[in-house]
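Just to be clear, the model below is a prediction. Sequence and coordinates:
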Amino acid sequence: MRAIVLGGAGFVGSHLVDRLLARGDEVVAVDNFVTGRRDNPERNRDNPRFRFVEHDICQPIPVVGPAQVVFNLASPASPIDYALLPLETLEVGSVGTRNALDLARMAGATLLQASTSEIYGDPLVHPQREDYFGNVNSIGPRACYDEAKRFSEALITSYGRVHGTPYRLARIFNTYGPRMRANDGRVVPAFVTQALRGEDFTVFGDGTQTRSFCYVDDLVTGFLMLLEKGDARPVNLGNPREMTLIEFAETTRKVVGKGGRVRSVRPLPENDPKQRQPDITRARTILGWEPKVSLEEGLRPTVEWFRRELGL
């Protein structure tokens, strides 16, 4: 098939591009490198089935011709990024999503939207199911990302009702793997780089907040199964194995072979989720999908990636 990947130079987007090319698809990747890396599309430069377009999707997207799918992964996604780029995050979630929809409609494609567990905010329901409407502060420091993604879902579903454009909504939970940026502020690169350097693991709050970590290869598989078998309702894609950040630090220490103690550096940020665990019943039932890669197994290539990145 012909696939268009918006955000194709990013962490998840580049893995998706590689998987599509590996199975023989034609891929057009679009990115403006606000948070993506130039070496990600560069690795496929000589593949005749790959084309890269440097472009901001908040402007009409200059890709023409039919396609079977438009994957919209274009957005800052780490707390550091969207804190620095709040207006850009809101714009790509609104104007960028509208342009992605127009592109999908013109191409006769299905739009697959990378939504997020942040839809649920700091949840009052645990684990989080797709029918939970969330607990989100619309004027808080995380609102630019949370509300951009919530608006994207509202825009996509309304657009689908008006124009009949088919779509899929993937609500992604914490995902990790090679090609993450060491300085992106998320806990996996933070803990792995601290362990490699033999430093203490630094947490906000007391470290008892929970997360659930999904390896990027499992997530990409989920995207493709969602495209093939999904419906118009959101689907959680994530690993239901929940752990505290203290437990994650211990796991990281075991895989890396070193690392210091867990040390709190400041109070928990406003609206930071205290619990995060996906209910993946719909993914298991509708798609036949569940994650296969254990945290320990997925951390090994992730650690090696950061070891090379940091020259350690």
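Happy to help now that I have it.

now the helix or strand of the chain with the lowest mean pLDDT, how far from the chain's geometric center?
Sorting the helices and strands of the chain by mean pLDDT, DSSP states H and E puts strand 262-266 at the bottom, at a mean of 88. The gap between where strand 262-266 is centred and where its chain is centred comes out at 26 Å by CA atoms, centre = their mean, to the nearest Å.

Which strands and helices lie in contact with that strand?
The contact analysis (3 or more CB pairs under 8 Å, 6 or more residues apart in numbering; DSSP states H and E) places strand 262-266 against strand 201-204, helix 245-256. In short, each C-beta sits where N, CA and C put it, glycine included.

So R233 lies in a helix, does it not?
No: using DSSP: H, G, I helix; E, B strand; the rest coil, the assignment for R233 is coil, not a helix.

Can you give me the separation between the residue nearest to it when sequence neighbours are not counted and V216?
The spatially closest residue to R233, leaving aside those adjacent along the chain, is E130, at 6.5 Å (CB to CB, 6 or more residues apart in numbering). Remark: distance between E130 and V216 (CB to CB, to the nearest Å) = 22 Å.

Could you do P269 as well?
For P269, the distance to V216 equals 25 Å [CB to CB].

The two: who's more crowded?
Between P269 and V216, V216 has the larger neighbour count (other CB atoms under 10 Å), namely 23 against 13.

give the contact list for that one.
Counting by CB atoms under 8 Å, 6 or more residues apart in numbering, V216 touches F11, V12, H15, T175, Y176, G177, P178, R179, G298.

In CSV, could you pull the C-alpha coordinates for the longest helix anywhere in the chain?
Counting by DSSP state H, the longest helix found in the chain is helix 143-163. C-alpha atoms of helix 143-163 as CSV (Å, rounded to 0.1, in the frame of the first residue of the first chain):
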residue,chain,number,x,y,z
ALA,A,143,-3.5,21.7,28.9
CYS,A,144,-1.7,22.6,25.6
TYR,A,145,-1.0,18.9,25.0
ASP,A,146,-4.0,17.3,26.7
GLU,A,147,-6.6,19.6,25.1
ALA,A,148,-4.9,19.5,21.7
LYS,A,149,-5.3,15.8,21.6
ARG,A,150,-8.8,15.9,22.9
PHE,A,151,-9.7,18.5,20.3
SER,A,152,-8.1,16.3,17.6
GLU,A,153,-10.4,13.4,18.5
ALA,A,154,-13.4,15.7,18.4
LEU,A,155,-12.4,17.2,15.1
ILE,A,156,-11.7,13.7,13.5
THR,A,157,-15.0,12.2,14.6
SER,A,158,-17.0,15.3,13.5
TYR,A,159,-15.1,15.3,10.1
GLY,A,160,-15.9,11.7,9.7
ARG,A,161,-19.6,12.2,10.3
VAL,A,162,-19.7,15.1,7.8
HIS,A,163,-17.5,13.8,5.0
